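Participant: Predicted model, plus sequence, below.
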Amino acid sequence: MEWSNLVESCGLNGETKLIFIGGGNMAGALIKGAINSNFITKDDIVVSVRSKESAAKWIEDGFSNTFTDNNEMLKKFPLGVVFICVKPQLFGSMVDQLEEGILHASPLVVSIMAGLSTETLSQKLIHTGYSHSMIRMMPSTPCLVGASATLLCYNSLPINNRLSLVTSLADCAGTCTILEEKQFHAASAVAACAPAYVFLLIEALADGGVLAGLPRKDALNLATQSFQGAAKLVAESRKHPGQLKDEVCSAGGSTIAGVRVLERAAVRSALIEAVKASTERSEEMSKMK
Ligand SMILES: NC(=O)c1ccc[n+]([C@@H]2O[C@H](COP(=O)([O-])OP(=O)(O)OC[C@H]3O[C@@H](n4cnc5c(N)ncnc54)[C@H](OP(=O)(O)O)[C@@H]3O)[C@@H](O)[C@H]2O)c1
């Protein structure tokens, strides 16, 4: 279902916009992913950024409703679904500059900021007059190609099926998983930080190919396809990855020789520790004021 039909099915005006406070990497990826899957058009989008340079880029890309003043934007579009997409450390100063009652008529506010709890968000937003559910959404940059493992949690279920406004955006960006908020730090590590781990692993696998004599381009294509193929096989075969690994390691063969080196280098342990470190850092960030 397209955005305009979906908002009407939630009892809202079909002209309801998606308003992005912050138009950086993540907001850009979410918006482009949703446009590529024909869920929204550029006209559905309203975006604010800090600098004139960023605003000029958005306008050049065909997003005419671009602002550098959040109050001006929210006065012009008071009924939109608001996505807060600034860096978590800038949230406090951004929200303090919002005028009293400015979000009074907004049907839904969603934060994509890492670490900030729904409780912190609700408290900081009190003066804006927003009084509905607080939703947290954690996408990742693969949403640009419709392959983000996006996470959602909320402090109370939004009225009138309004959660579907966010789940539908997440669905067209890939998959959408709704969790309890207490699981959000760990899930963010595995879903939102992990693409960075995997980029690093693909690059390293390609480096290995170059070392073994392959041209860089071929090595990178093959490494990318290996990750894509292995992930697809795990997802579609529903076999345990350990079983799939056993099935490709023939006795005395070349694959088990490589697996031996990975085990000696403690690759499993490194990934486990990476998830733990990202989870702990997310917890730490949530305590910063
Ligand atoms: N990157 C990821 O993979 C990822 C994944 C999940 C969640 N997130 C979350 O997404 C949020 C944004 O991350 P990002 O990587 O997109 O950051 P980013 O590229 O630095 O973008 C931040 C954007 O916020 C704008 N901005 C700053 N202050 C503002 C204000 N007061 N009013 C309006 N706009 C303002 C900036 O404007 P200028 O362009 O003019 O500076 C910029 O467009 C963060 O909270 C992060 O935790 C990121």
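Facilitator: Alright, I've got the coordinates. Everything quoted here is computed from the prediction, not taken from an experiment. Residues are numbered from 1 along each chain as shown.

Participant: I'd say V190 and V275 touch.
Facilitator: Yes - between V190 and V275 there is a contact under C-beta atoms under 8 Å: 6.0 Å. For the C-beta atoms, the positions are set from N, CA and C on the backbone; glycine is no exception.

Participant: and the closest residue to F91 other than its chain neighbours, what is it in contact with?
Facilitator: Ranked by C-beta to C-beta, 6 or more residues apart in numbering and with sequence neighbours excluded, the top spatial neighbour of F91 is M113, at 5.9 Å. Residues in contact with M113 (C-beta atoms under 8 Å, 6 or more residues apart in numbering) are 84-88, 91, 136.

Participant: Where is pLDDT lowest across these?
Facilitator: Across the contacts of M113, the member with the lowest pLDDT is P88, scoring 91.

Participant: Is that one in contact with K287, as I believe?
Facilitator: No - with contacts counted by C-beta under 8 Å, P88 stays clear of K287, the gap being 11.5 Å.

Participant: Point me to the residue of this structure nearest the ligand.
Facilitator: Shortest the chain-to-the ligand distance, computed as C-beta to the nearest ligand atom: residue-wise this is G24, at 1.7 Å.

Participant: what's the burial count for the residue lying closest to that residue once chain neighbours are set aside?
Facilitator: On the basis of C-beta to C-beta, 6+ apart, the spatially nearest residue to G24 that is not a chain neighbour turns out to be C85, at 6.7 Å. Using other C-beta atoms under 10 Å as the criterion, C85 is surrounded by 25 other residues.

Participant: Can you verify my assumption that C85 contacts A29?
Facilitator: No - with contact taken as C-beta under 8 Å, C85 and A29 are classed as non-touching, separated by 10.2 Å.

Participant: tell me the contacts of the spatially most central residue of the chain?
Facilitator: Residue closest to the average C-alpha location in the chain (C-alpha atoms, centre = their mean): P139, at 1.2 Å. With contacts defined as C-beta under 8 Å, 6+ apart, P139 is in contact with 26, 29-30, 112, 148, 150, 170, 173, 192.

Participant: and if we set it to 7 Å?
Facilitator: Neighbouring residues of P139 by C-beta atoms under 7 Å, 6 or more residues apart in numbering: 26, 30, 112, 148, 150, 170, 173.

Participant: contacting residues for the last one?
Facilitator: So the one you mean is A173. A173 touches 30, 33-34, 139, 143, 146, 148, 150, counting by C-beta under 7 Å, 6+ apart.

Participant: Find the nearest non-adjacent residue to it, please.
Facilitator: When the adjacent residues along the chain are set aside, A173 lies closest to C143, with 3.4 Å between them (C-beta to C-beta, 6+ apart).

Participant: Run a quick neighbour tally on the residue lying closest to G115 once chain neighbours are set aside.
Facilitator: Distance criterion C-beta to C-beta, 6+ apart; nearest residue to G115, sequence neighbours excluded, is M285 at 3.6 Å. Applying the criterion other C-beta under 10 Å, we find 15 residues in the vicinity of M285.

Participant: Which residues of the stretch 1-150 of the chain lie near the ligand?
Facilitator: Proximity of the stretch 1-150 of the chain to the ligand is assessed by C-beta under 6 Å from any ligand atom, with 21-27, 48-51, 54, 70, 85-88, 90, 94, 112-114, 138-141 identified as the residues in range.

Participant: Buried members of the residues you listed into PyMOL, please.
Facilitator: Selecting the buried subset of those in PyMOL, with 16 or more other C-beta atoms under 10 Å as the burial test, is done by:
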select buried, resi 21+22+23+26+27+48+49+54+70+85+86+88+94+112+113+114+138+139+140+141
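
Participant: and the strand or helix carrying I59, how far out from the chain's middle?
Facilitator: Counting by DSSP states H and E, the element that carries I59 is helix 52-60. Mean-position distance between helix 52-60 and its chain equals 22 Å (C-alpha atoms, centre = their mean, to the nearest Å).

Participant: Next: stretch 139-150.
Facilitator: Its chain's C-alpha centre and that of stretch 139-150 lie 6 Å apart, by C-alpha atoms, centre = their mean.

Participant: And that stretch, end to end?
Facilitator: One end of stretch 139-150 sits 4 Å from the other (C-alpha to C-alpha, to the nearest Å).

Participant: buried sites along that stretch?
Facilitator: Within stretch 139-150, judged by 16+ other C-beta under 10 Å, the buried ones are 139-144, 147-150.
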